[in-house]
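J.: what's the 3D shape of this:
(4 chains)
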Protein chains: 2
Amino acid sequence: MSRSDVRQKMIRGAADLLSRRGLQATSFSQILELTGAPRGSVYHHFPGGKDEVVTEAVRYVGNGVLSALATEDLTPTEVIARFGAMWRTVLVGSDLRGGCVVAAVTVGADSGELLSLTGAVFGEWLDALAAALHRAGAPESRCPSLAAVVLAGLEGAMVLTRASRSLEPFDDVVAELVRLVEALD
Amino acid sequence: MSRSDVRQKMIRGAADLLSRRGLQATSFSQILELTGAPRGSVYHHFPGGKDEVVTEAVRYVGNGVLSALATEDLTPTEVIARFGAMWRTVLVGSDLRGGCVVAAVTVGADSGELLSLTGAVFGEWLDALAAALHRAGAPESRCPSLAAVVLAGLEGAMVLTRASRSLEPFDDVVAELVRLVEALD
DNA sequence: GTCTATACGAAGATAGAC
DNA sequence: GTCTATCTTCGTATAGAC
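T.: Numbers count the residues shown, from 1 in each chain, chains lettered A, B, ... in the order given. So this is what the prediction gives:
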């Protein structure tokens, strides 16, 4: 279906722009320029306007991360390593210019709806991380806080890496998170 | 000197807006509305335009945090507790709507100069944190990575807290960071 | 589905009067 | 130092033709 093709292409383009430039700098003009999507069909595909594209981009990224977290059983250390490697790929693939779409929308949100959405997505990620850590043998009562420190640590690490244009803080954070989790054994 | 008064008031107002609304949503109109500063003297006080106000706001916050980190000698746990309490105050004082100015500018930066600036400020914070941890007795070789995980963890925790409108993720992260640092003893 | 044209508002920035 | 007026650019959004 060609309708979905254009729509999907625009959603992915929006996610890319949100990751690198932030919420306010992500405009339809930018999305069209990046994707080559037809100018005349913007509001055909997204009658809800910008908020609708952004919402879809957040959901798209949210589900992508979620399915990556729903893998086979791992050790706690492997959970961190995989999750860390995933975000490292985002950084490297964007020349250290990109970050997390959900965080970008949270920081730039001007409506309560977008905030609720990012809150829900972060909540899903935290639940999935906690479940993975629990399957890996981490004590149940600590899984939620471990999930929080892992997600928060990586989100913050991406900001530090973008600002410093260096992977050093990111790798430092991953190493310390691994240490924290190894102490569980 | 009245010139500095207005200028300082605008810088503080800009920091407040950057914290809550992000970089692009922080405009001169908003700053004037918030501070009651005279409209006609914007470019008198800031000939460099918006970038100059933002730069000053980042420096202002940067130095504030820096001086808070340069306190007397503490234990590693106390370093985390103090640093965490500081950011918690920011969250609570903004009704969980505000965050870190430096992170907000990093994520929304559209110029290399602003990115360099936030990179430098984060670098100063990391150095100060590492030094505090070292004074507290942490092994020298681990101080940089410990500083990175503490700063990144808290930066990320603020994002999670803003999105979820709850202090739970923030407190979870602080608790886990304390555990990590207590293992040093 | 895609186009052009257009309305509307907001932002950054400058010029020149007071 | 502060004012108003103005320019320009850009973003969102709508209407109506093809």
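J.: and stretch A:104-114, which residues are buried?
T.: A:104-109, A:114 (16 or more other C-beta atoms under 10 Å in any protein chain shown). Every residue, glycine included, has its C-beta placed from N, CA and C.
J.: Now do the same contact list for residue A:134.
T.: Contacts for residue A:134 were tallied using C-beta atoms under 8 Å, 6 or more residues apart in numbering or on different chains; they are A:140, A:143.
J.: I'd like to know if stretch A:68-81 reaches chain B anywhere along the stretch.
T.: No. Applying C-beta under 8 Å from any C-beta of the partner chain, one finds stretch A:68-81 separated from chain B by no less than 11.8 Å.
J.: Now that stretch: buried residues?
T.: Buried residues in stretch A:68-81 (16+ other C-beta under 10 Å): A:69, A:74-81.
J.: what does stretch A:178-185 give?
T.: Those would be A:178-181, for stretch A:178-185 by 16+ other C-beta under 10 Å.
J.: Not counting its own residues, what contacts it?
T.: In this structure, residues lying in contact with stretch A:178-185 by C-beta under 8 Å, 6+ apart are A:76-77, A:79-81, A:133, A:137-139, A:142, A:146, A:149-150, B:176, B:179-180, B:183.
J.: And the buried residues of stretch A:104-114, which is closest to DNA strand C?
T.: residue A:108 (13.6 Å; C-beta to the nearest atom of the strand).
J.: Let's verify the residue lying closest to that closest one once chain neighbours are set aside: helix, strand, or coil?
T.: Counting by C-beta to C-beta, 6 or more residues apart in numbering or on different chains, the nearest residue to residue A:108 once its immediate chain neighbours are dropped is residue A:23, at 3.2 Å. Following DSSP: H, G, I helix; E, B strand; the rest coil, the label given to residue A:23 is coil.
J.: lowest-pLDDT helix or strand in chain A?
T.: helix A:2-21 (a mean of 91; mean pLDDT, DSSP states H and E).
J.: Briefly note if the helix or strand following it comes near DNA strand D.
T.: Counting by DSSP states H and E, the next helix or strand C-terminal to helix A:2-21 is helix A:28-35. Yes. Interface with DNA strand D: helix A:28-35 contributes A:28-30 (C-beta under 7 Å from any atom of the strand).
J.: Quick check on those: which are buried?
T.: When these are checked against 16+ other C-beta under 10 Å, the ones flagged as buried are residue A:28.
J.: one step back: quick one: which of the buried residues of stretch A:178-185 is nearest residue B:34?
T.: Of all the buried residues of stretch A:178-185, residue B:34 sits closest to residue A:180, with 40.6 Å by C-beta to C-beta.
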